[in-house]
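**Student:** The sequence and its predicted three-dimensional model are supplied below.
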Amino acid sequence: MPLLRRALMGVVVLSVLSVLALAVVVGDHRFQGPVVLPLTWEHGLHLGDVLVVLAWVVCAGLVGRLVVVPAADR
């Protein structure tokens, strides 16, 4: 599969993943945990947000690896 096609599929996967992660971070849910970094008087970075960002970084790295490294070299 050509690099351009793999790159386009990777962009689509990362775009969907980013939208879902943003929805979790911005939204209000019962698993958000305590505030670990206050940003304003009413808003802050919750423990659950940190875990979502870490999961996004891991997934982005894996998608990047799939796009860059051909299947024959894995």
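**Tutor:** Yes, it's here. All figures in this text were calculated on a predicted structure; none of them were measured in a lab.
**Student:** Report the buried residues of the helix or strand of the chain with the lowest mean pLDDT.
**Tutor:** Here the helix or strand of the chain ranked lowest by mean pLDDT, DSSP states H and E is strand 44-46, holding a mean of 85. By 16 or more other Cβ atoms under 10 Å, the buried positions in strand 44-46 come out as residue 46. For the C-beta atoms, the positions are set from N, CA and C on the backbone; glycine is no exception.
**Student:** Can you get me a residue count around residue 47?
**Tutor:** Residue 47 is flanked by 14 other residues according to other Cβ atoms under 10 Å.
**Student:** what does the one 10 residues further on give?
**Tutor:** When neighbours are defined as other Cβ under 10 Å, residue 57 has 11 of them.
**Student:** can you tell me how far it sits from residue 18?
**Tutor:** Distance, residue 57 to residue 18, by Cβ to Cβ, to the nearest Å: 11 Å.
**Student:** For residue 35, give me phi and psi.
**Tutor:** Per-residue torsions, residue 35: phi -70, psi 130 (degrees, to the nearest 10).
**Student:** so who does it touch?
**Tutor:** Taking Cβ atoms under 8 Å, 6 or more residues apart in numbering, we find residue 35 in contact with 44, 45, 46.
**Student:** Which strand residues bridge the last one?
**Tutor:** In this structure, residue 46 has beta-bridge partners residue 35, where bridges are defined by DSSP bridges.
**Student:** what helix or strand is the nearest residue to residue 10 once chain neighbours are set aside on?
**Tutor:** Nearest-residue entry for residue 10: residue 67, 4.0 Å, with adjacent residues in sequence omitted and distances by Cβ to Cβ, 6 or more residues apart in numbering. In this structure, residue 67 sits in helix 47-68 according to DSSP states H and E.
**Student:** buried residues in that helix?
**Tutor:** Residues 48, 49, 52, 56, 60, 63, 67 are the ones in helix 47-68 that count as buried (16+ other Cβ under 10 Å).
**Student:** Before we move on, what's the pLDDT of the fifth one?
**Tutor:** Pointing back at residue 60 there. As predicted, residue 60 sits at a pLDDT of 93.
**Student:** In space, what's closest to it - neighbours in sequence excluded?
**Tutor:** What sits nearest to residue 60 in space, not counting adjacent residues and going by Cβ to Cβ, 6+ apart, is residue 14, at 5.9 Å.
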